[in-house]
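J.: Sequence plus predicted model, see below.
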Amino acid sequence: MTMKIKIPEKYLKPLDYVYILRPSLFFAVWIITLAGYESGKLYSSGESTWFNLDLNIRLLVQFILITLSTGGMFIWNQLQDMASDKENKKCFLVSENYIPVEIAKKYALVLTVVPALPFLILDLQIFGLLVVLELVWGYFYNFQPFSWKDKPIFGVLANLLAGILLMLIGWKMSGRIELVAYQKFLPYLCAWGAVSMLTTIPDAKGDVKQDKKTIALLVGPKIIVWSSLVLVIFGFVLGMKENDPVITHGILLSFPLYVIASFRPSQIWVLRTIRYSILFLAIFLSVEYPFFFLALGLNYYISRFYYDQRFGLDYPTFHVLEEENDSHQ
């Protein structure tokens, strides 16, 4: 029998200010941004990158700044969604007052402004793209009179625009933005859009009580999962046309999950499809950039340690239980 080591709460509590940024969402942000970077590289060189062990400090700094900025946007989202988060039993660091609301607001404001400023020196185009991203995903998505997150069409549109902007930022990190970038992005945006729509399903129960009008509540889970299936099929075809092995292999591995979810649109299969779609794409990007695998692993295992020690939760996890509420995401 092994004794489990328990870290005193006073040492873990400061980490609340890291996990209010929702590092579990960084996986998607990193993947779509790195995919944009690799698309730019693929276009300029004509060849995919494989097992690149070069450590680009400038690129690393840019990724850190983008990560902090999106973390600020995720805090704004939690501040605006406290009632539904309480109902859905998720994002409880704000909704359950582990971090006071006024402190969270100041923290979000700092992260909205400060990480963007270095790009005034590093890259003005990325600065402009990041400002637009903050407007779309931070302001328009969360605040009245817009509140796009609560509107079926605009909620999907906001996430698609965010995906485009993150990929453009990634592309710009690799060189000059070309008009062809939008063509190269299409297969990734199909996959991004499919996952984004699926994520509205687990929250539907709490959203309906808050009188929100998300896409899942408007058309129902069956149409959502079938639409997601159609999107990933388009994404695969477009990826084959662009000769992009990352997106085509990622979709190919996750395709059976979309098929099963289409015929069994239960929460358990929706969650599996969301989680493993992201995982498969991350794996293929990690084959190209092994240091990315290290970043993903550190995020995953440190997060598991934090949630286990702080709240006794098994999170993040790829294992989905029948009774799972996904309460701590």
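T.: Sure, I can see it. Numbers count the residues shown, from 1 in each chain.

J.: So what's the residue count around Phe234?
T.: Each residue near Phe234 was counted by other Cβ atoms under 10 Å, and the total is 18. For glycine as for every other residue, the C-beta is placed from the backbone atoms N, C-alpha and C.

J.: do Gly312 as well
T.: 8.

J.: same thing with Val230?
T.: The number of residues near Val230, taken as other Cβ under 10 Å, comes to 13.

J.: That one sits in which helix or strand?
T.: helix 221-241 (DSSP states H and E).

J.: ditto for Lys212
T.: Lys212 belongs to no helix or strand, assigned by DSSP H and E.

J.: Go ahead and confirm it touches Glu87.
T.: No: using Cβ atoms under 8 Å, Lys212 is not in contact with Glu87; the gap is 10.4 Å.

J.: With neighbour numbers in mind, choose between those two.
T.: Taking other Cβ under 10 Å, Lys212 and Glu87 do not tie; Lys212 has more neighbours (22 against 17).

J.: Contact partners for the more buried one?
T.: Contact analysis of Lys212 by Cβ atoms under 8 Å, 6 or more residues apart in numbering lists Ser84, Lys149, Asp150.

J.: roughly how far apart are it and Ser147?
T.: To Ser147, Lys212 is 9 Å away according to Cβ to Cβ, to the nearest Å.

J.: so where's the protein uncertain?
T.: 1-3, 88, 206-211, 321-329 (pLDDT under 70).

J.: again, only this time at 80
T.: The chain contains residues with pLDDT under 80 at 1-5, 44-49, 84-90, 203-214, 319-329.

J.: okay, the helix or strand harbouring Arg304 in CSV with CA atoms only?
T.: Secondary structure assignment for Arg304, by DSSP H and E: helix 290-311. Extracted C-alpha coordinates of helix 290-311, given in CSV (Å, rounded to 0.1, in the frame of the first residue of the first chain):
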residue,chain,number,x,y,z
PRO,A,290,9.3,17.3,-30.8
PHE,A,291,9.7,20.3,-28.4
PHE,A,292,5.9,20.9,-28.8
PHE,A,293,5.3,17.4,-27.4
LEU,A,294,7.4,18.4,-24.4
ALA,A,295,5.2,21.5,-23.9
LEU,A,296,2.0,19.5,-24.2
GLY,A,297,3.2,16.9,-21.8
LEU,A,298,4.3,19.4,-19.2
ASN,A,299,0.9,21.2,-19.4
TYR,A,300,-1.0,17.9,-19.2
TYR,A,301,0.8,16.3,-16.2
ILE,A,302,1.4,19.5,-14.2
SER,A,303,-2.3,20.3,-14.6
ARG,A,304,-3.3,16.8,-13.5
PHE,A,305,-1.1,17.2,-10.4
TYR,A,306,-2.6,20.6,-9.6
TYR,A,307,-6.3,19.4,-9.9
ASP,A,308,-5.6,16.2,-8.0
GLN,A,309,-3.8,17.9,-5.1
ARG,A,310,-6.0,21.1,-5.0
PHE,A,311,-9.4,19.6,-5.6
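
J.: Where do the helices of the stretch 1-150 of the chain begin and end?
T.: Using DSSP state H, counting those that start in this stretch, the helices of the stretch 1-150 of the chain run over residues 9-12, 16-19, 26-45, 57-80, 82-88, 92-95, 101-113, 119-122, 124-133, 141-142.

J.: Columns distance to Val219 on top of those, output as TSV?
T.: Output for the helices of the stretch 1-150 of the chain, formatted as TSV (distance: least, Cβ to Cβ, whole Å):
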stretch	distance to Val219
helix 9-12	41
helix 16-19	33
helix 26-45	23
helix 57-80	22
helix 82-88	19
helix 92-95	27
helix 101-113	32
helix 119-122	38
helix 124-133	27
helix 141-142	20
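
J.: which residues sit in contact with Glu242?
T.: Shown in contact with Glu242 (Cβ under 8 Å, 6+ apart): Gln183, Lys184, Leu186, Pro187.

J.: ok, how many other residues are close to the first one?
T.: Read it as Gln183. For Gln183, using other Cβ under 10 Å, the count is 14.

J.: so which helix or strand takes in it?
T.: helix 181-198.

J.: Which stretch among the helices of the stretch 1-150 of the chain is buried most, on average?
T.: Of all the helices of the stretch 1-150 of the chain, helix 141-142 has the most neighbours on average by mean count of other Cβ atoms under 10 Å, namely a mean of 24.

J.: surely Phe143 meets Asp81?
T.: No: Phe143 is beyond contact range of Asp81, at 11.6 Å (criterion: Cβ under 8 Å).
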